[in-house]
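K.L.:
Give the three-dimensional model of this entry:
(one chain, ligands or ions: 2)
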Amino acid sequence: MNKKSIKDIDVKGKKVFCRVDFNVPMEDGKVTDDSRIKAAIPTIEYLVDQGARVILASHLGRPKGEAVEELRLGPVGVRLGELLRRDVRKVDEVYGPVVKQAADSLMDGEILLVENVRFEAGEEKNDPELAKEFAAIADIYVNDAFGAAHRAHASTEGIAQHLPAAAGLLMQKELEVLGKALSDPARPFTAIVGGAKVKDKIGVIDNLLDKVDNLIIGGGLAYTFVKAQGHEVGKSLLEKDKLDLANEFMQKAKDKGVNFYMPVDVTVADDFSGDANIKVVPIDEIPSDWEALDIGPETRKKYQEVIESSKLVIWNGPMGVFEIEAFAHGTKAVAEALAGADDTYSVIGGGDSAAAVEKFGLAGQMDHMSTGGGASLEFMEGKELPGVAALNDK
Ligand SMILES: Nc1ncnc2c1ncn2[C@@H]1O[C@H](COP(=O)(O)OP(=O)(O)OP(=O)(O)O)[C@@H](O)[C@H]1O
Ligand SMILES: O=C(O)[C@H](O)COP(=O)(O)O
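P.N.:
Ligands and ions are numbered 1, 2, ... in the order given. Model prediction:
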């Protein structure tokens, strides 16, 4: 990584404004998945151990510039305190005199959590005045919020213009793992791209076709490719305006010598529900009034073989409607193959694939689970992330 990390700077006794991504799911005022909080702990502990005065800031949800009671960071602070086994002071303001006073009264190694930065309209507008307010309470800026690094907001980008700015340990790890995968991958290198729509994955497929040995397609987006190959897809998801693009991608794969894997059989249903009638059919026999909601057993087997023979796999997007048990087999088979393949380095590109892996209880067996959904997607598209670009070069 060519950006400064917290290990390159002296933080002792300094007030460090540390942007984290604590955008976690909550229910009834309790955090229901704390993986993103856990992922930030190494940076927070490092700062504490070095004697920094730590000011943590995060967004939660999309409150659109005003205070929303359910999106306060109180429960997040409580969970963080439990995980760290330390006091985490929490203020109910994002910036201003109360926050400044709390920050100034921190002793070395103490931690303060400010309120949800998206309660301020200036956050998402990257308002320079808000960025200056953030900078005014600290000596150093650390960005550990990889999940929000694709956003050019006041606490992810603007503030870095006013303070020495370095990456946290999570940010550093995400950039190193994803960066190495794209620039110097172990081979055979396989990408698995699934999810709902081709539209959302155009940049990723295009960029990965320049780099991978194998590209596996699954999920709802597969059926636009299936149709482009001349098969009927019934009521399956189809983006008619992306048929030419699907053909272009398949041609590009051929030109580049990339093995392009598509479903050979699918689970179809007569309704989008767990109670629907379902059956497995070959890919060229999808009935006109049925919908393909998962890859079939032959496809699972083939995809598992490709995974097992790969040295590196990047996975983004589920293979089917994994939220419904009957259509979760394909996604589960991919997750299990990645978990079981000891010689395969597995990178899960955040978002729904990460949620699926968590749901199957296989997270601990993956080599790298990205904490970024949109951010890892943009990274895989080859885009520069503003929250990274703004940090100081080494
Ligand atoms: N065959 C299918 N038909 C309809 N929907 C599908 C199908 N396969 C997968 N999906 C749905 O696609 C959704 C995930 O798509 P999306 O593109 O949002 O995922 P992602 O890229 O993993 O996530 P994120 O955008 O959060 O990173 C899931 O809710 C899943 O149910
Ligand atoms: O959950 C995420 O992907 C990040 O926290 C970014 O959230 P956002 O999409 O609301 O900017």
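K.L.:
what's the burial count for the closest residue to A52 other than its chain neighbours?
P.N.:
With C-beta to C-beta, 6 or more residues apart in numbering as the criterion, A52 has its nearest non-adjacent residue at 4.0 Å, and that residue is V11. Just so you know, the C-beta spots here come from the backbone N, C-alpha and C atoms, and that holds for glycine as well. Using other C-beta atoms under 10 Å, V11 has 25 other residues around it.
K.L.:
just use 45 as the starting number from now, easier for me
P.N.:
From this message on, residue numbering opens at 45, which makes the last subject V55.
K.L.:
What separation do you get for V55 and V186?
P.N.:
For V55, the distance to V186 under the criterion C-beta to C-beta, to the nearest Å works out to 8 Å.
K.L.:
which residues does the residue nearest to A96 contact?
P.N.:
The contact partners of V55, by C-beta atoms under 8 Å, 6 or more residues apart in numbering, come to L91, Q94, G95, A96, I184.
K.L.:
Which residues of the stretch 245-394 of the chain lie near ligand 1?
P.N.:
The stretch 245-394 of the chain has residues G263, G264, L281, A336, L337, N360, G361, P362, G364, V365, E367, G394 near ligand 1, with proximity defined as C-beta under 6 Å from any ligand atom.
K.L.:
K47 pairs with what?
P.N.:
For K47, the beta-bridge partners are D437 (DSSP bridges).
K.L.:
And the residue in the stretch 245-394 of the chain positioned nearest to ligand 2, what's its pLDDT?
P.N.:
Closest residue of the stretch 245-394 of the chain to ligand 2, C-beta to the nearest ligand atom: G394 (7.1 Å). The model reports G394 with a pLDDT of 77.
K.L.:
Touching, it and A419? I think so.
P.N.:
Yes. G394 lies in contact with A419 (C-beta atoms under 8 Å); the separation is 7.2 Å.
K.L.:
of these two, who's got more company?
P.N.:
More neighbours sit around A419 than around the other of G394 and A419, counting by other C-beta under 10 Å; the figures are 28 against 25.
K.L.:
Find the helix or strand that that one is a member of.
P.N.:
Secondary structure from DSSP states H and E places A419 in helix 418-424.
K.L.:
mind listing what's buried in stretch 63-75?
P.N.:
By neighbour count, with 16 or more other C-beta atoms under 10 Å as the criterion, the buried positions of stretch 63-75 are R63, V64, D65, F66, N67, V68, M70, V75.
K.L.:
Can you tell me how far the second one is from ligand 2?
P.N.:
Using C-beta to the nearest ligand atom, to the nearest Å, we find V64 at a distance of 10 Å from ligand 2.
K.L.:
Ignoring the adjacent residues along the chain, who's closest to that residue?
P.N.:
Closest residue in space to V64, ignoring its immediate chain neighbours: A84 at 4.5 Å, by C-beta to C-beta, 6+ apart.
K.L.:
Tell me the gap between the helix or strand where the one you found lies and the middle of its chain.
P.N.:
Take DSSP H and E as the rule and A84 turns out to sit in helix 79-93. A distance of 18 Å separates the centroid of the chain from that of helix 79-93, by C-alpha atoms, centre = their mean, to the nearest Å.
K.L.:
how far is the very next helix or strand once past it from where the chain is centred?
P.N.:
Toward the C-terminus, helix 79-93 is succeeded by strand 97-101 as the next helix or strand (DSSP H and E). Distance of strand 97-101 from its chain centroid, counting by C-alpha atoms, centre = their mean, is 23 Å.
K.L.:
ok, now stretch 261-277?
P.N.:
Shown here is stretch 261-277, whose average C-alpha point lies 25 Å from the average C-alpha point of the whole chain (C-alpha atoms, centre = their mean).
K.L.:
cool, stretch 413-426 as well?
P.N.:
Average the C-alpha atoms of stretch 413-426, do the same for its chain, and the two points are 5 Å apart (C-alpha atoms, centre = their mean).
K.L.:
mind checking the end-to-end distance for it?
P.N.:
With C-alpha to C-alpha, to the nearest Å as the measure, stretch 413-426 spans 19 Å from end to end.
K.L.:
near ligand 1 at all, that stretch?
P.N.:
Yes. Using C-beta under 6 Å from any ligand atom, stretch 413-426 reaches ligand 1 at G417, L421.
K.L.:
what's the pLDDT at the closest residue to ligand 2 within the chain?
P.N.:
Using C-beta to the nearest ligand atom, the single residue of the chain nearest to ligand 2 is N67, 3.4 Å away. Per-residue confidence (pLDDT) for N67: 97.
K.L.:
picking up where we left off before, name the nearest of the buried residues of stretch 63-75 relative to A196.
P.N.:
Compare each of the buried residues of stretch 63-75 with A196 using C-beta to C-beta and the shortest gap goes to R63, at 12.6 Å.
K.L.:
separation between that closest one and ligand 1?
P.N.:
20 Å.
K.L.:
quick one, phi/psi of that residue?
P.N.:
With angles defined as degrees, to the nearest 10, R63 sits at phi -80, psi 120.
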